[in-house]
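> All I have is the shape, not the residue letters:
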(Lines give C-alpha, C1' and ligand atoms only; values in the text may rest on other atoms or scores of the structure.)
Protein backbone atom coordinates (compact mmCIF):
# COMPACT_ATOMS: atom_id res chain seq x y z
CA UNK A 1 0.00 0.00 0.00
CA UNK A 2 1.30 3.42 -0.91
CA UNK A 3 -0.42 4.86 2.11
CA UNK A 4 1.76 2.73 4.38
CA UNK A 5 4.83 4.74 3.34
CA UNK A 6 3.38 8.02 4.51
CA UNK A 7 3.41 9.52 7.98
CA UNK A 8 0.66 8.32 10.35
CA UNK A 9 -2.63 8.97 8.58
CA UNK A 10 -4.71 10.36 11.43
CA UNK A 11 -5.76 13.06 11.76
CA UNK A 12 -5.94 13.65 8.01
CA UNK A 13 -3.49 16.26 6.86
CA UNK A 14 -4.68 19.25 4.88
CA UNK A 15 -4.17 18.99 1.14
CA UNK A 16 -4.43 22.68 0.24
CA UNK A 17 -1.47 24.66 1.58
CA UNK A 18 -0.24 28.25 1.63
CA UNK A 19 2.32 28.82 -1.11
CA UNK A 20 6.01 29.22 -0.42
CA UNK A 21 5.74 33.00 -0.54
CA UNK A 22 3.08 33.15 2.19
CA UNK A 23 4.93 30.71 4.41
CA UNK A 24 8.26 32.46 4.12
CA UNK A 25 6.63 35.83 4.84
CA UNK A 26 4.86 34.35 7.85
CA UNK A 27 8.21 33.07 9.14
CA UNK A 28 9.82 36.45 8.51
CA UNK A 29 6.98 38.16 10.37
CA UNK A 30 6.11 40.44 7.47
CA UNK A 31 2.52 39.33 6.83
CA UNK A 32 -0.34 41.57 7.95
CA UNK A 33 -2.34 40.28 10.92
CA UNK A 34 -5.28 38.97 8.86
CA UNK A 35 -3.35 36.67 6.51
CA UNK A 36 -0.96 35.78 9.34
CA UNK A 37 -3.87 34.50 11.43
CA UNK A 38 -5.19 32.40 8.55
CA UNK A 39 -1.74 30.90 7.95
CA UNK A 40 -1.27 30.31 11.71
CA UNK A 41 -4.61 28.47 11.74
CA UNK A 42 -3.49 26.28 8.86
CA UNK A 43 -0.20 25.56 10.66
CA UNK A 44 -2.12 24.21 13.65
CA UNK A 45 -3.49 21.54 11.32
CA UNK A 46 -0.50 20.92 9.06
CA UNK A 47 2.77 19.24 10.13
CA UNK A 48 4.15 19.57 6.60
CA UNK A 49 3.89 23.34 6.63
CA UNK A 50 5.19 23.50 10.19
CA UNK A 51 8.32 21.83 8.85
CA UNK A 52 8.61 24.42 6.13
CA UNK A 53 7.96 27.20 8.58
CA UNK A 54 10.78 26.07 10.89
CA UNK A 55 13.11 25.95 7.93
CA UNK A 56 12.23 29.50 6.87
CA UNK A 57 12.78 30.60 10.45
CA UNK A 58 16.17 28.94 10.25
CA UNK A 59 16.88 31.14 7.26
CA UNK A 60 16.00 34.10 9.48
CA UNK A 61 18.48 32.84 12.08
CA UNK A 62 21.21 32.38 9.50
CA UNK A 63 20.58 35.83 8.05
CA UNK A 64 20.60 37.31 11.55
CA UNK A 65 23.98 35.75 12.21
CA UNK A 66 25.39 37.21 9.03
CA UNK A 67 23.83 40.62 9.62
CA UNK A 68 26.33 43.49 9.71
CA UNK A 69 26.59 44.42 13.43
CA UNK A 70 25.44 47.91 14.42
CA UNK A 71 26.91 49.15 17.70
CA UNK A 72 24.56 49.77 20.60
CA UNK A 73 24.96 52.58 23.12
CA UNK A 74 28.12 52.21 25.23
CA UNK A 75 26.16 51.40 28.36
CA UNK A 76 23.65 49.06 26.68
CA UNK A 77 25.07 45.84 28.11
CA UNK A 78 25.45 47.40 31.54
CA UNK A 79 21.87 48.64 31.56
CA UNK A 80 20.53 45.30 30.37
CA UNK A 81 22.53 43.44 33.01
CA UNK A 82 21.04 45.74 35.63
CA UNK A 83 17.57 44.77 34.48
CA UNK A 84 18.23 41.03 34.74
CA UNK A 85 17.67 40.99 38.49
CA UNK A 86 14.08 42.05 38.11
CA UNK A 87 13.47 39.64 35.25
CA UNK A 88 11.80 36.43 36.31
CA UNK A 89 13.33 33.34 34.81
CA UNK A 90 10.59 31.44 33.05
CA UNK A 91 10.07 27.92 34.18
CA UNK A 92 10.21 25.53 31.29
CA UNK A 93 7.49 23.34 32.78
CA UNK A 94 5.01 26.21 32.88
CA UNK A 95 5.84 27.63 29.48
CA UNK A 96 3.04 27.16 27.02
CA UNK A 97 0.53 26.26 29.69
CA UNK A 98 0.21 29.60 31.35
CA UNK A 99 -1.66 32.19 29.31
CA UNK A 100 0.51 35.29 28.87
CA UNK A 101 -0.53 38.35 30.85
CA UNK A 102 -2.82 40.85 29.09
CA UNK A 103 -4.17 38.22 26.73
CA UNK A 104 -7.85 37.36 26.97
CA UNK A 105 -8.83 34.00 28.36
CA UNK A 106 -8.94 31.22 25.81
CA UNK A 107 -12.15 30.89 23.93
CA UNK A 108 -13.85 27.76 25.24
CA UNK A 109 -15.04 26.46 21.85
CA UNK A 110 -13.16 23.13 21.59
CA UNK A 111 -13.39 23.01 17.82
CA UNK A 112 -11.15 26.06 17.47
CA UNK A 113 -7.42 25.47 16.90
CA UNK A 114 -4.98 27.16 19.33
CA UNK A 115 -4.18 30.02 16.95
CA UNK A 116 -7.84 31.04 16.99
CA UNK A 117 -8.59 30.36 20.63
CA UNK A 118 -6.03 32.97 21.61
CA UNK A 119 -7.81 35.68 19.61
CA UNK A 120 -10.47 38.11 20.66
CA UNK A 121 -13.66 36.80 19.12
CA UNK A 122 -16.92 38.68 18.95
CA UNK A 123 -20.29 37.07 19.62
CA UNK A 124 -22.04 34.94 17.00
CA UNK A 125 -24.35 37.04 14.91
CA UNK A 126 -26.85 36.44 12.16
CA UNK A 127 -25.40 37.22 8.73
CA UNK A 128 -27.92 35.69 6.35
CA UNK A 129 -30.23 32.67 6.47
CA UNK A 130 -28.03 29.65 7.20
CA UNK A 131 -24.99 31.80 7.88
CA UNK A 132 -23.70 33.15 11.14
CA UNK A 133 -20.46 34.98 11.76
CA UNK A 134 -18.12 36.06 14.54
CA UNK A 135 -15.75 38.94 14.09
CA UNK A 136 -12.12 38.21 14.92
CA UNK A 137 -10.52 41.36 16.23
CA UNK A 138 -7.36 42.30 14.39
CA UNK A 139 -5.57 45.59 14.07
CA UNK A 140 -7.91 47.57 11.77
CA UNK A 141 -5.16 49.89 10.53
CA UNK A 142 -3.77 47.12 8.34
CA UNK A 143 -6.94 47.04 6.28
CA UNK A 144 -7.97 43.44 6.84
CA UNK A 145 -11.29 42.15 8.14
CA UNK A 146 -11.28 38.72 9.68
CA UNK A 147 -14.45 36.70 10.25
CA UNK A 148 -15.26 33.23 11.41
CA UNK A 149 -18.28 31.96 9.49
CA UNK A 150 -20.52 29.05 10.28
CA UNK A 151 -22.35 28.05 7.12
CA UNK A 152 -25.17 25.53 7.22
CA UNK A 153 -24.81 22.34 5.21
CA UNK A 154 -25.38 22.90 1.49
CA UNK A 155 -25.36 26.70 1.69
CA UNK A 156 -23.21 28.98 -0.43
CA UNK A 157 -20.43 30.67 1.49
CA UNK A 158 -20.54 34.45 1.21
CA UNK A 159 -16.96 34.96 0.17
CA UNK A 160 -16.86 35.92 -3.43
CA UNK A 161 -16.90 39.10 -5.44
CA UNK A 162 -14.32 40.52 -3.08
CA UNK A 163 -11.71 43.06 -3.93
CA UNK A 164 -8.11 42.37 -3.13
CA UNK A 165 -6.62 39.24 -1.69
CA UNK A 166 -8.75 36.85 0.30
CA UNK A 167 -7.42 34.16 2.63
CA UNK A 168 -9.53 31.27 3.89
CA UNK A 169 -8.88 28.34 6.18
CA UNK A 170 -11.47 25.70 6.96
CA UNK A 171 -11.68 25.05 10.69
CA UNK A 172 -14.36 22.37 10.70
CA UNK A 173 -16.52 20.68 8.09
CA UNK A 174 -15.79 21.20 4.42
CA UNK A 175 -16.71 23.19 1.35
CA UNK A 176 -16.20 22.63 -2.35
CA UNK A 177 -15.67 25.00 -5.22
CA UNK A 178 -14.03 24.94 -8.65
CA UNK A 179 -10.64 24.38 -6.96
CA UNK A 180 -11.77 21.20 -5.26
CA UNK A 181 -12.74 20.07 -1.79
CA UNK A 182 -11.52 21.97 1.26
CA UNK A 183 -11.70 20.18 4.60
CA UNK A 184 -10.33 20.92 8.07
CA UNK A 185 -7.11 22.89 7.88
CA UNK A 186 -7.23 23.41 4.12
CA UNK A 187 -6.27 26.88 3.09
CA UNK A 188 -6.98 28.98 0.03
CA UNK A 189 -5.60 32.32 -1.08
CA UNK A 190 -7.41 33.86 -4.03
CA UNK A 191 -7.35 37.30 -5.56
CA UNK A 192 -10.20 39.48 -6.69
CA UNK A 193 -10.25 38.19 -10.23
CA UNK A 194 -11.53 34.82 -9.04
CA UNK A 195 -15.29 34.58 -8.76
CA UNK A 196 -15.76 31.24 -7.13
CA UNK A 197 -18.90 29.90 -5.51
CA UNK A 198 -17.98 27.75 -2.54
CA UNK A 199 -20.70 25.48 -1.18
CA UNK A 200 -20.69 23.96 2.27
CA UNK A 201 -20.84 20.18 1.92
CA UNK A 202 -24.27 18.65 2.47
CA UNK A 203 -23.40 16.53 5.50
CA UNK A 204 -22.67 19.23 8.06
CA UNK A 205 -21.95 22.85 8.91
CA UNK A 206 -18.76 24.39 7.61
CA UNK A 207 -16.77 26.58 9.93
CA UNK A 208 -14.22 28.73 8.14
CA UNK A 209 -11.95 31.63 8.86
CA UNK A 210 -11.77 34.34 6.24
CA UNK A 211 -9.49 37.37 6.02
CA UNK A 212 -10.20 39.91 3.31
CA UNK A 213 -8.72 43.25 2.49
CA UNK A 214 -11.30 45.99 2.38
CA UNK A 215 -14.96 45.17 2.62
CA UNK A 216 -16.24 41.65 2.37
CA UNK A 217 -18.97 41.78 -0.22
CA UNK A 218 -21.79 39.40 0.26
CA UNK A 219 -23.50 38.46 -2.95
CA UNK A 220 -27.10 38.32 -1.98
CA UNK A 221 -29.54 41.14 -1.61
CA UNK A 222 -30.17 40.08 1.94
CA UNK A 223 -26.45 39.85 2.54
CA UNK A 224 -26.00 43.40 1.35
CA UNK A 225 -28.73 44.57 3.65
CA UNK A 226 -27.23 42.94 6.72
CA UNK A 227 -23.66 44.01 6.08
CA UNK A 228 -23.94 47.11 8.25
CA UNK A 229 -25.19 44.92 11.10
CA UNK A 230 -22.24 42.58 11.12
CA UNK A 231 -19.75 45.35 10.67
CA UNK A 232 -18.23 44.11 7.45
CA UNK B 1 23.98 16.09 8.45
CA UNK B 2 22.33 14.21 11.23
CA UNK B 3 25.42 13.50 13.27
CA UNK B 4 25.73 16.90 14.95
CA UNK B 5 26.22 15.94 18.57
CA UNK B 6 27.59 18.08 21.32
CA UNK B 7 30.33 20.24 19.96
CA UNK B 8 31.68 17.72 17.50
CA UNK B 9 31.95 18.73 13.90
CA UNK B 10 30.45 16.07 11.68
CA UNK B 11 32.67 14.68 8.96
CA UNK B 12 32.78 16.67 5.80
CA UNK B 13 31.60 19.84 7.45
CA UNK B 14 35.04 21.40 7.42
CA UNK B 15 35.16 21.94 3.67
CA UNK B 16 34.03 25.55 3.96
CA UNK B 17 35.98 27.37 6.66
CA UNK B 18 33.25 29.91 7.34
CA UNK B 19 30.67 27.19 7.81
CA UNK B 20 32.77 25.22 10.26
CA UNK B 21 33.36 28.46 12.15
CA UNK B 22 29.69 29.30 12.50
CA UNK B 23 28.88 25.76 13.59
CA UNK B 24 31.41 26.04 16.42
CA UNK B 25 29.97 29.43 17.30
CA UNK B 26 26.51 27.90 17.33
CA UNK B 27 27.56 25.28 19.87
CA UNK B 28 29.12 27.96 22.05
CA UNK B 29 25.88 29.94 21.92
CA UNK B 30 23.80 26.91 22.82
CA UNK B 31 26.10 26.30 25.79
CA UNK B 32 25.68 29.92 26.89
CA UNK B 33 21.91 29.52 26.79
CA UNK B 34 22.12 26.37 28.91
CA UNK B 35 24.37 28.16 31.40
CA UNK B 36 21.87 31.00 31.69
CA UNK B 37 19.03 28.55 32.23
CA UNK B 38 20.93 26.42 34.75
CA UNK B 39 22.63 29.02 36.93
CA UNK B 40 21.74 32.50 35.66
CA UNK B 41 25.23 32.86 34.23
CA UNK B 42 25.82 36.56 33.57
CA UNK B 43 29.13 36.05 31.80
CA UNK B 44 27.41 33.74 29.34
CA UNK B 45 24.67 36.32 28.89
CA UNK B 46 27.22 39.07 28.27
CA UNK B 47 28.91 36.98 25.61
CA UNK B 48 25.59 36.34 23.87
CA UNK B 49 24.72 40.00 24.16
CA UNK B 50 27.97 41.10 22.52
CA UNK B 51 27.37 38.81 19.58
CA UNK B 52 23.62 39.12 19.06
CA UNK B 53 22.53 42.55 20.30
CA UNK B 54 24.37 44.46 17.51
CA UNK B 55 23.02 42.04 14.92
CA UNK B 56 19.48 42.26 16.29
CA UNK B 57 19.69 46.04 16.23
CA UNK B 58 20.93 45.84 12.65
CA UNK B 59 18.04 43.51 11.74
CA UNK B 60 15.50 45.83 13.35
CA UNK B 61 16.94 48.78 11.44
CA UNK B 62 16.63 46.74 8.25
CA UNK B 63 12.93 46.24 8.96
CA UNK B 64 12.51 50.02 9.15
CA UNK B 65 12.59 50.71 12.88
CA UNK B 66 14.04 54.11 13.89
CA UNK B 67 17.48 53.86 15.62
CA UNK B 68 16.23 54.68 19.13
CA UNK B 69 13.52 52.03 18.99
CA UNK B 70 15.86 49.49 17.43
CA UNK B 71 18.30 50.10 20.28
CA UNK B 72 15.63 49.65 22.94
CA UNK B 73 13.98 46.66 21.33
CA UNK B 74 17.34 44.91 20.83
CA UNK B 75 17.87 45.15 24.60
CA UNK B 76 14.34 43.92 25.17
CA UNK B 77 15.00 40.91 22.94
CA UNK B 78 18.13 40.04 24.93
CA UNK B 79 16.19 40.38 28.17
CA UNK B 80 13.64 37.92 26.77
CA UNK B 81 16.48 35.57 25.79
CA UNK B 82 17.55 35.64 29.47
CA UNK B 83 14.04 34.98 30.73
CA UNK B 84 13.22 32.21 28.31
CA UNK B 85 16.61 30.49 28.15
CA UNK B 86 15.14 27.46 29.93
CA UNK B 87 12.80 26.69 27.06
CA UNK B 88 15.57 26.80 24.46
CA UNK B 89 15.95 23.27 23.11
CA UNK B 90 19.00 22.76 20.89
CA UNK B 91 17.45 19.68 19.30
CA UNK B 92 14.55 21.82 18.14
CA UNK B 93 16.19 24.94 16.79
CA UNK B 94 19.62 26.49 16.59
CA UNK B 95 20.38 29.36 18.94
CA UNK B 96 20.42 31.89 16.11
CA UNK B 97 17.04 30.68 14.84
CA UNK B 98 15.53 30.75 18.30
CA UNK B 99 16.81 34.26 18.97
CA UNK B 100 15.58 35.39 15.55
CA UNK B 101 12.03 34.21 16.34
CA UNK B 102 12.10 36.16 19.61
CA UNK B 103 13.27 39.29 17.82
CA UNK B 104 10.66 38.80 15.11
CA UNK B 105 7.80 38.34 17.58
CA UNK B 106 8.78 41.33 19.69
CA UNK B 107 9.06 43.42 16.54
CA UNK B 108 5.54 42.40 15.48
CA UNK B 109 4.18 43.23 18.94
CA UNK B 110 5.97 46.58 19.01
CA UNK B 111 4.68 47.48 15.55
CA UNK B 112 1.16 46.58 16.62
CA UNK B 113 1.42 48.68 19.76
CA UNK B 114 2.70 51.67 17.88
CA UNK B 115 -0.01 51.39 15.23
CA UNK B 116 -2.78 51.17 17.73
CA UNK B 117 -2.54 53.15 20.91
CA UNK B 118 -5.95 51.62 21.53
CA UNK B 119 -5.23 48.94 24.09
CA UNK B 120 -8.21 46.91 22.94
CA UNK B 121 -6.35 46.02 19.79
CA UNK B 122 -3.20 44.79 21.49
CA UNK B 123 -2.94 41.03 21.15
CA UNK B 124 -0.52 38.30 21.60
CA UNK B 125 1.77 37.75 18.69
CA UNK B 126 0.29 35.59 15.97
CA UNK B 127 3.50 33.66 15.66
CA UNK B 128 3.82 31.98 19.04
CA UNK B 129 6.66 29.80 20.18
CA UNK B 130 4.55 26.83 21.14
CA UNK B 131 5.76 23.46 22.22
CA UNK B 132 5.62 21.41 19.09
CA UNK B 133 4.97 17.83 18.18
CA UNK B 134 8.12 15.78 17.79
CA UNK B 135 7.68 15.59 14.04
CA UNK B 136 8.96 19.14 13.61
CA UNK B 137 12.12 19.03 15.59
CA UNK B 138 15.14 17.43 14.07
CA UNK B 139 14.29 18.53 10.57
CA UNK B 140 14.38 22.22 11.45
CA UNK B 141 17.69 22.00 13.27
CA UNK B 142 19.28 20.17 10.37
CA UNK B 143 17.77 22.51 7.84
CA UNK B 144 19.32 25.38 9.78
CA UNK B 145 22.77 23.88 9.34
CA UNK B 146 22.23 23.23 5.65
CA UNK B 147 20.85 26.73 5.17
CA UNK B 148 23.80 28.32 6.88
CA UNK B 149 26.15 26.33 4.69
CA UNK B 150 24.18 27.41 1.62
CA UNK B 151 24.18 31.06 2.68
CA UNK B 152 27.95 30.89 3.07
CA UNK B 153 28.25 29.92 -0.57
CA UNK B 154 25.86 32.53 -1.97
CA UNK B 155 27.53 35.43 -3.76
CA UNK B 156 27.26 38.63 -1.66
CA UNK B 157 25.08 40.36 -4.25
CA UNK B 158 22.53 37.54 -4.07
CA UNK B 159 22.67 37.54 -0.27
CA UNK B 160 21.92 41.27 -0.16
CA UNK B 161 18.79 40.77 -2.25
CA UNK B 162 17.64 37.82 -0.13
CA UNK B 163 18.15 39.82 3.06
CA UNK B 164 16.02 42.76 1.91
CA UNK B 165 13.39 40.49 0.46
CA UNK B 166 13.05 38.24 3.51
CA UNK B 167 13.51 40.60 6.44
CA UNK B 168 11.74 43.56 4.98
CA UNK B 169 9.42 42.09 2.38
CA UNK B 170 10.60 44.97 0.24
CA UNK B 171 9.01 45.23 -3.21
CA UNK B 172 11.46 44.44 -5.98
CA UNK B 173 11.58 48.01 -7.34
CA UNK B 174 12.55 49.23 -3.85
CA UNK B 175 15.34 46.69 -3.64
CA UNK B 176 16.56 47.77 -7.07
CA UNK B 177 16.63 51.42 -6.03
CA UNK B 178 18.36 50.78 -2.74
CA UNK B 179 21.04 48.54 -4.16
CA UNK B 180 21.39 50.67 -7.27
CA UNK B 181 20.83 47.79 -9.68
CA UNK B 182 18.28 47.21 -12.45
CA UNK B 183 14.95 45.59 -11.58
CA UNK B 184 15.68 42.66 -13.85
CA UNK B 185 18.89 42.00 -11.94
CA UNK B 186 17.00 41.97 -8.63
CA UNK B 187 14.60 39.40 -10.00
CA UNK B 188 17.26 37.16 -11.48
CA UNK B 189 19.42 37.26 -8.33
CA UNK B 190 16.44 36.52 -6.13
CA UNK B 191 15.35 33.69 -8.38
CA UNK B 192 18.80 32.12 -8.35
CA UNK B 193 19.21 32.47 -4.60
CA UNK B 194 15.72 31.32 -3.71
CA UNK B 195 15.99 28.29 -5.97
CA UNK B 196 19.00 27.17 -3.97
CA UNK B 197 17.44 27.97 -0.58
CA UNK B 198 14.20 26.25 -1.49
CA UNK B 199 16.17 23.21 -2.54
CA UNK B 200 17.43 23.08 1.05
CA UNK B 201 14.19 24.01 2.79
CA UNK B 202 11.82 21.94 0.75
CA UNK B 203 13.66 19.27 -1.22
CA UNK B 204 11.32 17.89 -3.84
CA UNK B 205 8.63 20.42 -3.03
CA UNK B 206 9.09 22.68 -6.03
CA UNK B 207 5.53 22.22 -7.21
CA UNK B 208 4.01 23.75 -4.13
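Okay, I see it. From a predicted model like this one, the values you see are computed outputs, not experimental measurements.
> Would you mark the buried spots in stretch A:16-34?
By neighbour count, with 16 or more other Cβ atoms under 10 Å in any protein chain shown as the criterion, the buried positions of stretch A:16-34 are A:16-18, A:20, A:22-34. Quick note: C-beta positions are derived from backbone N, CA and C, even for glycine.
> ok, now stretch A:131-142?
The neighbour-count check on stretch A:131-142 (16+ other Cβ under 10 Å) flags A:131-136, A:138-139, A:142 as buried.
> Kindly report the same for stretch B:180-199.
B:186, B:189-190, B:193-194, B:196-198.
> quick one: contacts for residue B:172?
The contact partners of residue B:172, taken as Cβ atoms under 8 Å, 6 or more residues apart in numbering or on different chains, are B:165, B:183, B:186-187, B:190.
> Could I get the pLDDT score of it?
Reported pLDDT at residue B:172 in the predicted model: 89.
> Tell me the first helix or strand C-terminal of the longest helix belonging to chain A.
Using DSSP state H to assign secondary structure, the helix with the most residues in chain A is helix A:47-65. Beyond helix A:47-65 in the direction of the C-terminus, DSSP states H and E gives the next helix or strand as helix A:76-84.
> In contact with residue A:27, which residues?
Residue A:27 sits next to A:53, A:56-57, A:59-60, B:127 when contact means Cβ under 8 Å, 6+ apart.
> tell me what the host helix or strand of residue B:44 is packed against?
With elements delineated by DSSP H and E, residue B:44 resides in helix B:42-62, which encompasses its position. Helix B:42-62 makes packing contacts with helix A:47-65, helix A:76-84, helix B:17-39, helix B:67-84, helix B:95-115, helix B:156-168 when contacts are defined by 3 or more Cβ pairs under 8 Å, 6 or more residues apart in numbering or on different chains; DSSP states H and E.
> Buried deepest among the ones you listed, which one?
helix A:47-65 (a mean of 23; mean count of other Cβ atoms under 10 Å in any protein chain shown).
> what's the angle from it to helix B:95-115?
An angle of 90 degrees separates the directions of helix A:47-65 and helix B:95-115 when computed by axes from the mean of the first three to the mean of the last three Cα atoms, to 10 degrees.
> what angle separates helix A:47-65 from helix B:156-168?
Using the same axes, to 10 degrees: helix A:47-65 against helix B:156-168 is 120 degrees.
> any residue of helix A:47-65 up close to chain B?
Yes - contact between helix A:47-65 and chain B, assessed by Cβ under 8 Å from any Cβ of the partner chain, occurs at A:47, A:50-52, A:54-65.
> what would the buried residues of stretch A:131-142 look like in a markdown table with pLDDT and distance to chain B?
Supplementary listing: the buried residues of stretch A:131-142 in a markdown table, determined by pLDDT from 0 to 100; distance: Cβ to the nearest Cβ, whole Å:
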| residue | pLDDT | distance to chain B |
| --- | --- | --- |
| A:131 | 86 | 26 |
| A:132 | 89 | 23 |
| A:133 | 89 | 19 |
| A:134 | 91 | 16 |
| A:135 | 90 | 13 |
| A:136 | 91 | 10 |
| A:138 | 85 | 8 |
| A:139 | 80 | 5 |
| A:142 | 82 | 8 |
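> Which members of those occur in strands, if any?
A:131-136 (DSSP state E).
> For stretch A:39-47, list every residue counted as buried.
Counting neighbours by 16+ other Cβ under 10 Å, the buried set in stretch A:39-47 is A:39-46.
> Chain B: which of those is nearest?
Distance ranking of these against chain B, using Cβ to the nearest Cβ, places residue A:40 first at 5.2 Å.
> mind checking how far the closest one is from residue A:109?
In this view, residue A:40 and residue A:109 are 17 Å apart by Cβ to Cβ, to the nearest Å.
> What are the boundaries of the helices in chain A?
Taking DSSP H as the criterion, chain A contains helices spanning A:20-28, A:33-45, A:47-65, A:76-84, A:114-117, A:221-230.
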